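Student: Okay, sequence plus prediction incoming.
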Amino acid sequence: MRDFKMCKLCRSEYENPLDRRYHAQTTSCAACGPLYFLMSNSGERLYEGCEAIKEAAKLLDEGKIIAIKGFGGLHIACKTEDEEVLRLRNLLRRKEQPFAIMARDVASLRGFAFLSKEEEKVITSFERPILVLRKKKPFPLSEYLAPGLHTIGVMLPYSPLHLVLFSFAQSSSFVMTSANLPDDPMVIDNEEALRKLRFVDYLIMHNLKIINRIDDSVIKFITGSPTFLRRSRGFVPLDVPSLIPINEKTTLSLGAELSNTFTIVKNGKATISQHIGNTSNYDVLLFMREAIERLKLLFKVDKFDRIFCDLHPRYNTTKLALEYGDKIYQVQHHFAHAFSLLGENKDKRAVVISCDGMGYGVDGQIWGGEVLYVDLDEGEYERLGHLEYQKMLGGDLATYFPLRMAFSILRNIHDSAEFFERYAERLRYRGRELEVMENQWKDEAIMTSSCGRVLDALSAILGICYERTYEGEPAMKLEAIAEEGKEREVLKMDIDISEEVEIREFVPYVEYEGRIRGKKGVVKVLSTTSLLGEAFEMWEGKKGRKERIAASFIYHLTKGLCEIAMEACEEFNVRNIGFSGGCAYNEMMTKVIRDEAKRKGLKFLRHEKVPAGDGGISFGQAVLSGIVDGF
């Protein structure tokens, strides 16, 4: 507020001990305070003050697309009807990624989504997060808001601007999505907005500088409990109660790469940053540096005694670690998920099912479907089991085009590539790409145990999603289809678990650029070839609708992981079983594990205060601050 000198009236209120505005740091009025104004996309100022908001509401009702500057950045708003939503998708180059919307009030929200009493408490709380809710059928808003999904992200007005805007608007809901192109940080500066957002029709801006960029928080109720998909506005920089001991050391944990956050630990208190995003993007990495410096200033941190980062050698965050200290530890990704779960639940011993899209393994392969044992007190860490290793045809290409993973897995049980010719028209280069995939399958060295990639493969086989245009898309759309078939009896599928001798016992963290070594032992391996092969045969033989096949596959895949985990609980006499990683956002998978834990009389550990996905990795790394190096 230093740019806004108080007028005489405001100064008199600010300096009067009997006035309710005495020493109120943001004391100002229409004469001396910040000002809203409506601009054209060429920068011409059209209206100011309340007239600007009134005119913006009218323009939105007429179908215009408007950038709106708020507290932590800019949103882009438009009507929730087909024409406007499709136009915005084209402008933002977000082909399928779901848009969040803002509803006028709870009554309006109930017109298009289901809302339980517990969910209502969260969405009406002062934090005002985006809440992922189940759509009603028929869905009265545009299906293009969240194409192929059974859920929609909704928030209520959380600033005076939003309330005034809706008071003038005829529409009861608007798209309210972050103002940025894919993978870029959210726009916060007026000049930057005019430069980068010329594709919008109008901008409603104010002249108060946004110092700290911060996205909306996102929460989803999973089996009845609130879980953070993104922990940001309203919750940061509150620390997370954890089992980290109080000590004099200060640490910085830099997380992984996608949906990233960082965590600072000082005096035993762990503070997770706001959502940072995809740090493979250089602008996002710059934003991360700025955010680190801001929290250092806020917490009066001069230097860090320990730095933690991911084991992956090519992540930008791994390289960034060198800028903040010389005592650096790299932490294996899926154990970081497990540490995160134990840290927030204040338990030191558990068997954890850690499943996601990908993470760098200690054997140099890509992990993602893991059953882990952790005992923080005794320093015991074991990889007890995992999903079968499969070839990633084309490396990262397999994450964007799930038919590549489907071909890779099914090729294990078919003698030639001919069985896949019916899918060739869905490949980018059709038959020619099929030939390339066959050659890659014979030579490919990159292997993965990823649960996300297996779900992607089934999504492609069932014709649900052939291209990933945003993180988690094929698996999310598969879950939406599976939800329609979950009430029916599951189709029988064989769960095939074998034993392999692999690296099993090891310390899952190492000093920077060191090599993790461990002892070999018997590791359980769940066959994804046989499961996907059965699903493929059912689909090809028309032995079930895709909804039922999808639900049955997810059930048996999770049941297989549970079998490995439950056996481990007996072996180690452990009473805690947990679920972490991006797949923990899957309602069906979570329910299977929770129900199995209850049936066995075990305590089920779940995420509620920290994101289950990669937004919680930095916190998991931070949990080690009380363990490594006797510190």
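Tutor: Structure's in. What do you need? Numbering: from 1, shown residues only.
Student: how about the strands in the stretch 201-350 of the chain?
Tutor: Counting by DSSP state E, counting those that start in this stretch, one finds strands in the stretch 201-350 of the chain at the ranges 202-206, 218-222, 225-230, 239-240, 250-253, 263-266, 269-272, 306-310, 328-331, 349-360.
Student: Give me the contacts around the shortest one.
Tutor: Same thing as strand 239-240. Contacts made with strand 239-240 from outside it, assessed by CB atoms under 8 Å, 6 or more residues apart in numbering, are listed as 269-272, 343-344, 609-610, 619. The C-beta positions use only the backbone N, C-alpha and C, and glycine is treated the same way.
Student: right, and Ser530 touches Asp496 too?
Tutor: Yes: using CB atoms under 8 Å, Ser530 makes contact with Asp496 at a distance of 4.6 Å.
Student: Neighbour count for those two, which is higher?
Tutor: Counted by other CB atoms under 10 Å, Ser530 and Asp496 do not tie: Ser530 has more neighbours, with 18 against 15.
Student: Am I right that the more buried one sits in a helix?
Tutor: Yes: if the criterion is DSSP: H, G, I helix; E, B strand; the rest coil, then Ser530 is within a helix.
Student: May I have the residues that are in contact with it?
Tutor: Residues in contact with Ser530, defined by CB under 8 Å, 6+ apart, are 413, 494, 496.
Student: which stretch among the strands of the stretch 201-350 of the chain comes nearest Gly485?
Tutor: strand 218-222 (18.7 Å; CB to CB).
Student: Return the members of the contacts of strand 239-240 classed as buried.
Tutor: 270-272, 343-344, 609-610, 619 (16 or more other CB atoms under 10 Å).
Student: which among those residues gets closest to Val501?
Tutor: Within the set of these, Gly343 lies nearest Val501; the separation is 31.6 Å, counting by CB to CB.
Student: residues contacting that closest one?
Tutor: Taking CB under 8 Å, 6+ apart as the criterion, Gly343 is in contact with 240, 242-244, 270, 610, 619-620, 622-623.
Student: neighbour-wise, which of those residues leads?
Tutor: The residue in these with the most neighbours, by other CB under 10 Å, is Phe619 (32 neighbours).
Student: Quick one, grab the pLDDT at that one.
Tutor: The predicted local confidence for Phe619 comes out at a pLDDT of 97.
Student: now it: how far from Arg349?
Tutor: 18 Å (CB to CB, to the nearest Å).
Student: One more: Arg488?
Tutor: Distance check for Arg488 against Arg349: by CB to CB, it reads 38 Å.
Student: The two - which one has more neighbours?
Tutor: Neighbours were counted for Arg488 and for Arg349 using other CB under 10 Å; Arg349 has more, 17 against 13.
Student: Report the beta-bridge partners for Phe174.
Tutor: As for beta bridges, Phe174 partners with Lys79, Met102 under DSSP bridges.
Student: what does Ala67 give?
Tutor: Bridge pairing for Ala67 - DSSP bridges - gives Ile76, Leu203.
Student: can you pull the contacts of it?
Tutor: If a contact means CB under 8 Å, 6+ apart, then Ala67 has 74-77, 179, 187, 193, 197, 200, 202-205 as its contacts.
Student: and the closest residue in space to Leu35 that isn't next to it in sequence, how many neighbours?
Tutor: For Leu35, the nearest residue in space outside its immediate sequence neighbours is Asn207; the separation is 5.6 Å by CB to CB, 6 or more residues apart in numbering. Residues contacting Asn207 under the criterion other CB under 10 Å number 13.
Student: so how far is Gly73 from Asn207?
Tutor: Using CB to CB, Asn207 is found at 16 Å from Gly73.
Student: same deal with Gly521?
Tutor: Distance check for Gly521 against Gly73: by CB to CB, it reads 49 Å.
Student: who's more crowded, those two?
Tutor: In this view Gly521 and Gly73 are compared by other CB under 10 Å, and Gly73 has more residues nearby, 23 against 15.
Student: element containing the closest residue to that one other than its chain neighbours, please.
Tutor: Leaving aside its chain neighbours, Gly73 sits nearest to Met186 (3.9 Å; criterion: CB to CB, 6+ apart). In the assignment (DSSP states H and E), Met186 maps to no helix and no strand.
Student: Tell me who's in contact with Met186.
Tutor: Contacts for Met186 were tallied using CB under 8 Å, 6+ apart; they are 72-74, 178-180, 213, 215.
Student: which two in these are spaced the farthest apart?
Tutor: In terms of CB to CB, the contacts of Met186 reach their longest pairwise distance at Gly72 and Asn180, which sit 12.4 Å apart.
Student: Poorly predicted segments of the protein, please.
Tutor: In the prediction, the chain carries residues with pLDDT under 70 at positions 629-631.
Student: By residue count, tell me the biggest helix in it.
Tutor: Among the elements of the chain assigned as helix by DSSP state H, the one spanning the most residues is helix 546-572.
Student: on that earlier part again, taking the contacts of Ala67 together, which two end up most distant?
Tutor: The span of the contacts of Ala67, defined through CB to CB, is set by Val187 and Tyr202 at 14.9 Å.
Student: How about the contacts made by the closest residue in space to Thr317 that isn't next to it in sequence?
Tutor: Counting by CB to CB, 6+ apart, Leu254 is the residue found nearest to Thr317 once chain neighbours are left out, at 4.2 Å. Residues counted as contacts of Leu254 (CB under 8 Å, 6+ apart) are 260, 262, 307-310, 317-318, 320-321, 618, 621.
Student: Now with 10 Å, please.
Tutor: Residues counted as contacts of Leu254 (CB atoms under 10 Å, 6 or more residues apart in numbering) are 260-263, 276, 279, 288, 292, 307-310, 315-321, 323-324, 328, 331, 617-618, 621.
Student: Selecting buried members of those in ChimeraX, what would you type?
Tutor: Selecting only the buried members of these in ChimeraX, with burial defined as 16+ other CB under 10 Å, works like this:
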select :260,261,262,263,276,279,288,292,307,308,309,310,315,316,317,318,320,321,324,328,331,617,618,621
